[in-house]
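Visitor: predicted coordinates and the sequence they were generated for:
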Amino acid sequence: MNRTSTTTDPQDHFEVTALIAALISGFFRALDERRFDDGWADAYFTDDLRATTPLGVAEGAEAVRHMEEAVGRFAATLHLSSDVLVRTEPGARTADVSWNAHMTHVHRDSTLRTRGEGAEPLFTVGGVYEARLRRTDSGWRISRMAVRAVWTTGQPPVLPADTAARVRELTGADAPVGPA
């Protein structure tokens, strides 16, 4: 039975949940502080990570590169997580986890200039993450992750032409194109 409690001992469940919530918070902090030194993603992801975002699906190092590029399109970001729900079985090496996220993105001056007078400086997203985590010798790591926007305010970033073409191909929607 897959349930929110990990074992008959509630303390075990709280410990696992605390470890996973700290992993999520650390991942979001790394994004916001742009801590992308070599190997940064090893602290949060398995080598076979599969990430699904509104821009598509990517795996492994490509998924990590996409995250770095995504936050790099903004002058600053702030990612907040809440309501971390952990579902696993006693002694399991995997967990299904979901959490809510509030993601605020501050547009670069170049984006605001491209959009012209009256351009909104913020793009904000309220979303839900669904993930599969794996317990490794180094601790819990995210192996599958999908983010779904529930609501947005403001305009998304101006995308490079190749990325905008990928969005159009995946969603059928036009994305703003211009300098990053």
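Guide: Received, thanks. Keep in mind it's a predicted model, so treat the numbers as computed, not measured.
Visitor: hmm, Asp48 is touching Met145, no?
Guide: No: applying Cβ atoms under 8 Å as the test, Asp48 and Met145 come out as separate, 11.9 Å apart. In short, each C-beta sits where N, CA and C put it, glycine included.
Visitor: after whichever strand or helix holds Glu62, next one along is what?
Guide: Under the criterion of DSSP states H and E, Glu62 resides in helix 60-72. Proceeding N to C from helix 60-72, the next assigned helix or strand is strand 74-87, under DSSP H and E.
Visitor: that next one packs against which elements?
Guide: If contacts are counted by 3 or more Cβ pairs under 8 Å, 6 or more residues apart in numbering; DSSP states H and E, strand 74-87 sits against helix 10-33, strand 94-107.
Visitor: between these, which gets nearest to Met67?
Guide: helix 10-33 (6.7 Å; Cβ to Cβ).
Visitor: for the helix or strand following that closest one, buried residues please.
Guide: Remark: after helix 10-33, the chain's next helix or strand is strand 45-53, criterion DSSP H and E. Residues of strand 45-53 classed as buried: 45-46, 49-51, 53 (neighbour count, 16 or more other Cβ atoms under 10 Å).
Visitor: for Ala76, state which of those residues is nearest.
Guide: Looking across the buried residues of strand 45-53 and measuring by Cβ to Cβ, the closest to Ala76 is Thr53, at 19.3 Å.
Visitor: beta partners of that closest one?
Guide: Gly56 (DSSP bridges).
Visitor: report pLDDT for it.
Guide: On pLDDT, Thr53 comes in at 89.
Visitor: gap between it and Thr114?
Guide: The gap separating Thr53 from Thr114 is 23 Å, by Cβ to Cβ, to the nearest Å.
Visitor: equivalent analysis for Pro156, please.
Guide: According to Cβ to Cβ, Pro156 and Thr114 sit 13 Å apart.
Visitor: now do Arg35
Guide: Separation of Arg35 from Thr114 (Cβ to Cβ) stands at 28 Å.
Visitor: more neighbours: which of these two?
Guide: Neighbours per residue, other Cβ atoms under 10 Å: of Arg35 and Thr114, the larger number sits with Thr114, 16 against 11.
Visitor: isn't that one up against Leu159?
Guide: No: counting by Cβ under 8 Å, Thr114 stays clear of Leu159, with 11.0 Å between them.
Visitor: quick revisit: average pLDDT for the helix holding Glu62?
Guide: On average, the pLDDT along helix 60-72 is 94.
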